[in-house]
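Peer 1: Requesting a structural model of the entry that follows:
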Amino acid sequence: MEKEFSGVTLECRQGDIVNQKDCEAVVNAANAQLETGGGVAGAIHRAAGPGLAKEASTMAPIKPGEAVITTGHNLPNEYVIHCLGPVYGRDKPEDELLARCYRNSLKLAEENGITSIAFPAISTGVFGYPMEEAAKVAFATIIKQATTLKHLKKIRFVLHSSKDLEVHEKILTEMRE
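Peer 2: I've put the predicted structure just below:
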């Protein structure tokens, strides 16, 4: 599913974040130390190889809402943008910290002339953020930023399960500029 806002295409797909060959950058739902970990971070680190951990370690630690950028190493993407989402119920205010993840990721993409990016559903795994609430924050933040984006023209959400995809498609359908 795709929808355009201010010349930026937002799309939702079910799939694997490490197999987004047509995106210049992928976003890693990172941990504070930018280490391998589980979930999205584990998949990205395994696919990228040990060079990613070595490069990222020089930028750690990061705080919730912060983002840093590395090269893609063995991934088919030129860049990996690592951001630390909030732990739901612990890091406050969750919605602002999650929105900051998206804003900071978009800012890094723009600064590096990136035209296409793939996001996972940040903070919705072990960090416990409810999927529907997270999707609303993500899309609202991106749509608000869309008018300021000069380089970035394609923003993809890569969802692990069909249920997650369904939630994101429903929320995206309801979004307005």
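
Peer 1: Specify the beta-bridge partners of the most centrally placed residue in the chain.
Peer 2: For the chain, the residue nearest the mean C-alpha position is residue 119 (3.2 Å; CA atoms, centre = their mean). With DSSP bridges applied, residue 119 shows beta-bridge pairing to residue 157.

Peer 1: quick one: contacts for it?
Peer 2: 27, 102, 105, 138, 155-158 (CB atoms under 8 Å, 6 or more residues apart in numbering). Heads up, the C-betas are built off the backbone N, CA and C, glycines and all.

Peer 1: ranking those by neighbours, who comes first?
Peer 2: residue 27 (32 neighbours; other CB atoms under 10 Å).

Peer 1: Other residues contacting stretch 120-133?
Peer 2: So stretch 120-133 is contacted by 17, 27-29, 38-40, 83, 85-89, 94-95, 98, 101-102, 134-135, 138, 157-160, 164, 167-168, 171 (CB under 8 Å, 6+ apart).

Peer 1: average model confidence for it?
Peer 2: Model confidence over stretch 120-133, given as mean pLDDT, is 97.

Peer 1: next one: that stretch to chain centre, how far?
Peer 2: How far stretch 120-133 lies from its chain's middle: 11 Å, per CA atoms, centre = their mean, to the nearest Å.

Peer 1: Pull out the buried residues from it.
Peer 2: Buried residues in stretch 120-133, counted by 16 or more other CB atoms under 10 Å: 120-125, 127, 129, 131, 133.

Peer 1: got it, and stretch 30-37?
Peer 2: For stretch 30-37, by 16+ other CB under 10 Å, it's 30-31, 33-34, 36-37.

Peer 1: what about residue 28, which SS state?
Peer 2: strand (DSSP: H, G, I helix; E, B strand; the rest coil).

Peer 1: In terms of pLDDT, where does residue 37 sit?
Peer 2: 87.

Peer 1: Isn't it up against residue 28?
Peer 2: No - using CB atoms under 8 Å as the test, residue 37 is too far from residue 28 to be in contact (9.4 Å).

Peer 1: Which residues are in contact with each of those two?
Peer 2: By CB under 8 Å, 6+ apart, no residue touches both residue 37 and residue 28.

Peer 1: thinking again about what came up before, in a markdown table, list the buried residues of stretch 120-133 along with secondary structure and distance to residue 148.
Peer 2: Below are the buried residues of stretch 120-133 laid out as a markdown table (DSSP: H, G, I helix; E, B strand; the rest coil; distance: CB to CB, whole Å):
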| residue | secondary structure | distance to residue 148 |
| --- | --- | --- |
| 120 | coil | 23 |
| 121 | coil | 23 |
| 122 | coil | 20 |
| 123 | coil | 23 |
| 124 | coil | 26 |
| 125 | coil | 29 |
| 127 | coil | 27 |
| 129 | coil | 25 |
| 131 | helix | 27 |
| 133 | helix | 24 |
